[in-house]
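>>> Structure for the following, please:
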Amino acid sequence: QIADTWFRAQKYAESAGAYDAIITKYPKSDKLALAWLRLAQVRYNLKQDAQALEQAKTAVSKYPEAPEAADAFDLAEAVFDRSPAYDFTAWFGDLAARPGADKTSGEAVFRLGRRHFEKKDFAAAVAALKKFSVDYISHPSIKDAQFYLGEAYFQTGDMENAASVFDRFAKNYQDAKEHPVALFRLGNAYYNQKKHEEAARAYAKLAELYPASEYIKPALFNLALCYKTTGETDRAEETYRKYYDLTGKTDDALAALWEIFNIQKTRGDVAGALKTLTQIYGESEGKEDGLEAMYYMGELNYENRQPDEARDYWERLAQQKPAGSAWRLQGLVKLGEIYEGEKNYQEAARVYSDIARNSDKPEVAKAAAERARSLLGMNKAASDKMRTLPGMDGGEEAVEEPAAAEPPARPAPAKKKPVRRTVKKQPAAAPSATD
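As a prediction, this is how the structure comes out:
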C-alpha cells in the first residue's frame, strides 16, 4: 500500500524503492507479479524504456497466469510504439521460444504476429500466426489470430489459403463482430481465383445476414459482377438495382445504371434500355454521362429502324455543352451521315464544320473541314444542275445537266466511337478490415 501510494503520487523513485524491497524481502508474496509490473510502469513513466522492457519481461516470464501479465505485455507494446528503435521481434521471440507451450509463450507468438501485421510485414505475420493457430488452439486469442491470418494471406496474394482461413472463420465464429468482413474477404478471395460461383455465395450470405452492414454496398456490387460473369444476367440486373437503391445519386450509382443498361441492351430489351438511359440522363446534370446517355438513345432508335427518333436525339445532343464532348461529336458524325443520305449537303456541311471547330484531334478536324468543303461543292452543283432551254413549243424546257463528280470518299471525323466507362473487373474494396 505504501508503494502504491508513492506510485499514485508520481513519486517514482520512492515507489521503485518500495517495490524493490517487496521483491527482496518477500520472495513468496502473491504481490510479486504486481510489484514487477509496477517497476516496469515506473521505468516507462521515467522514459527508461530498456529497463521497462526488462522488468515487463520478468513479469510475464515468472507469472504467466497472473492477471498482471497481460498488462505487462501491453506496456511492452506501448514502449515499442513510442520507441520504434527497440526490436519487438527479439523481445517477443525470446518469450515465444520458452520451453513448453504456456500462456506466456502463446501470448508472445500472437502479439508478434499481430505486430508484424500492423507493420505490414504480412509474410512474417503469416509465419507467426500460422504457428499460433496450430500450437495454441485453446488460447483466448485464437479467434483474432484466425482473422489476422486470413487477412495476412489475402494481403500477400495467397488467395487460396486466404479463402480457406476465412471460410473456417465464417463457419466457426458466426457471432464475431468480424463475421461480415470475413464473408466479404472470402468472396474477394474466391473472386480473385475466378471462382465466381463460390464468391457469389459468400457475397449473397453477407447480403442476407447483414443488410445494414457497412460492407453491404461493395458486397452487392461484387455479387452483381459475379452473376454477370456466370451469365446470370437477370440476377445481375436485380442486384445492380439493389446496389443503386442504396447508393443514391452518386457516380457509383450511375455506374450501376450503366451496367443495367448494358445488360438490357445485350438482352434486346430496347424499352428497358431506353428507360434506363432516360434515368441516367435525368441524374447526370453537369456530367458527361448525360451526353453519353443521349447518344445511346439515338443509337438504340437508329438500330431499331426509328431514324426520325434517332435524329431527334442526336440533334438535341448537338445543342449540348461542352462543344468538344466526344459523345456530342460522335452524335454529329451520325447526323452528318443521315443528312448526306438525304442529300441535304448544306446541313451535312454545317455539321462537319462544327466537328472541325471543336475536335481536339488535328487529324479529325482536318478531315471534317475537307468533307465540309466537298459537301458545299456538291450543294452548289445540285442547285445549278437544272437550267432551262427553249422548248419545241416556244416555251422553256428544263434540261438536267450531267451530275457533278462525287467528291472523295467521306473521311470519318471520329476514328471510332468513344468507349464508355466499364466497371472494373476487380471486386470493389471494402471499408478497412482491421478497424
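>>> Provide a list of residue ranges in the stretch 1-150 of the chain with pLDDT below threshold.
Applying pLDDT under 70 to the stretch 1-150 of the chain flags no residue at all.
>>> Let me see the ranges of the helices in it.
2-8, 12-25, 32-45, 49-62, 68-82, 88-96, 103-118, 122-135, 142-156 (DSSP state H, counting those that start in this stretch).
>>> For those helices, give me CSV that also has distance to residue 279 and mean neighbour count.
Glycine gets a C-beta too; all of them are placed from N, C-alpha and C. Formatted as CSV, these follow (distance: least, C-beta to C-beta, whole Å; neighbours: other C-beta atoms under 10 Å):
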stretch, distance to residue 279, mean neighbour count
helix 2-8, 66, 15
helix 12-25, 69, 16
helix 32-45, 61, 22
helix 49-62, 62, 20
helix 68-82, 51, 19
helix 88-96, 55, 18
helix 103-118, 44, 23
helix 122-135, 43, 20
helix 142-156, 36, 22
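>>> need these in JSON lines with distance to residue 187, can you?
Formatted as JSON lines, those follow (distance: least, C-beta to C-beta, whole Å):
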{"stretch": "helix 2-8", "distance to residue 187": "51"}
{"stretch": "helix 12-25", "distance to residue 187": "53"}
{"stretch": "helix 32-45", "distance to residue 187": "43"}
{"stretch": "helix 49-62", "distance to residue 187": "39"}
{"stretch": "helix 68-82", "distance to residue 187": "33"}
{"stretch": "helix 88-96", "distance to residue 187": "33"}
{"stretch": "helix 103-118", "distance to residue 187": "21"}
{"stretch": "helix 122-135", "distance to residue 187": "20"}
{"stretch": "helix 142-156", "distance to residue 187": "11"}
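>>> among the ones you listed, which is nearest residue 323?
helix 142-156 (47.1 Å; C-beta to C-beta).
>>> ok, residues contacting whichever helix or strand comes after that closest one?
Per DSSP states H and E, the first helix or strand lying C-terminal to helix 142-156 is helix 159-172. By C-beta atoms under 8 Å, 6 or more residues apart in numbering, the surrounding residues in contact with helix 159-172 are 143, 146-147, 149-151, 153-154, 176, 178-179, 182-183, 185-186, 189-190, 192-193, 195, 198, 202, 205.
>>> hmm, 7 Å instead?
146-147, 149-150, 153-154, 179, 182-183, 185-186, 189-190, 192-193 (C-beta atoms under 7 Å, 6 or more residues apart in numbering).
>>> Check those and tell me the two furthest apart.
Greatest spacing in these, by C-beta to C-beta: 179 and 193 (21.6 Å).
>>> the more surrounded of the two?
Each of residue 179 and residue 193 has its neighbours counted (other C-beta atoms under 10 Å); residue 179 has more, 19 against 14.
>>> circling back: what's the closest of the helices of the stretch 1-150 of the chain to residue 314?
helix 142-156 (48.0 Å).
>>> Just give me how far that closest one sits from the chain centre.
21 Å (C-alpha atoms, centre = their mean, to the nearest Å).
>>> And the contacts of helix 159-172, which is closest to residue 11?
Nearest to residue 11 among these, with distances taken as C-beta to C-beta, is residue 147, at 43.1 Å.
>>> That closest one contacts residue 178, correct?
Yes - with contacts counted by C-beta atoms under 7 Å, residue 147 reaches residue 178, the gap being 5.0 Å.
>>> buried set for the lengthiest helix in the chain?
In the chain, with assignment by DSSP state H, the single longest helix is helix 362-384. Residues 364-365, 367-372, 374-376, 378-379 are the ones in helix 362-384 that count as buried (16 or more other C-beta atoms under 10 Å).
>>> which of those residues has the weakest pLDDT?
Among the buried residues of helix 362-384, residue 379 carries the weakest pLDDT, at 63.
>>> List the contacts of the helix or strand residue 204 falls within.
Using DSSP H and E, residue 204 sits within helix 196-209. With C-beta under 7 Å, 6+ apart as the test, helix 196-209 has contacts from 180, 183-184, 186-187, 190-191, 213, 215-216, 219-220, 222-223, 226-227, 229-230.
>>> Of these, select the buried ones using a PyMOL command.
The buried subset of those, as determined by 16+ other C-beta under 10 Å, is captured in PyMOL by this line:
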select buried, resi 180+183+184+186+187+190+191+213+215+216+219+220+222+223+226+227+229
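>>> when you check the contacts of helix 196-209 against the helices, which ones overlap?
180, 183-184, 186-187, 190-191, 216, 219-220, 222-223, 226-227, 229.
>>> and which of the residues you listed is nearest residue 1?
Lowest distance from residue 1 to these (C-beta to C-beta) belongs to residue 180, with 47.9 Å.
>>> returning to that earlier point: farthest pair in the ones in helices among the contacts of helix 196-209?
180 and 229, at 23.0 Å, using C-beta to C-beta across the ones in helices among the contacts of helix 196-209.
>>> would you list every one of the strands in the stretch 251-400 of the chain?
For the stretch 251-400 of the chain, the strands defined by DSSP state E, counting those that start in this stretch occupy 386-390, 396-400.
>>> so how far is residue 144 from the closest residue to residue 61 other than its chain neighbours?
Of all residues not flanking residue 61 in the chain, residue 104 sits nearest, at 6.3 Å (C-beta to C-beta, 6 or more residues apart in numbering). Distance of residue 104 to residue 144, computed by C-beta to C-beta, to the nearest Å: 17 Å.
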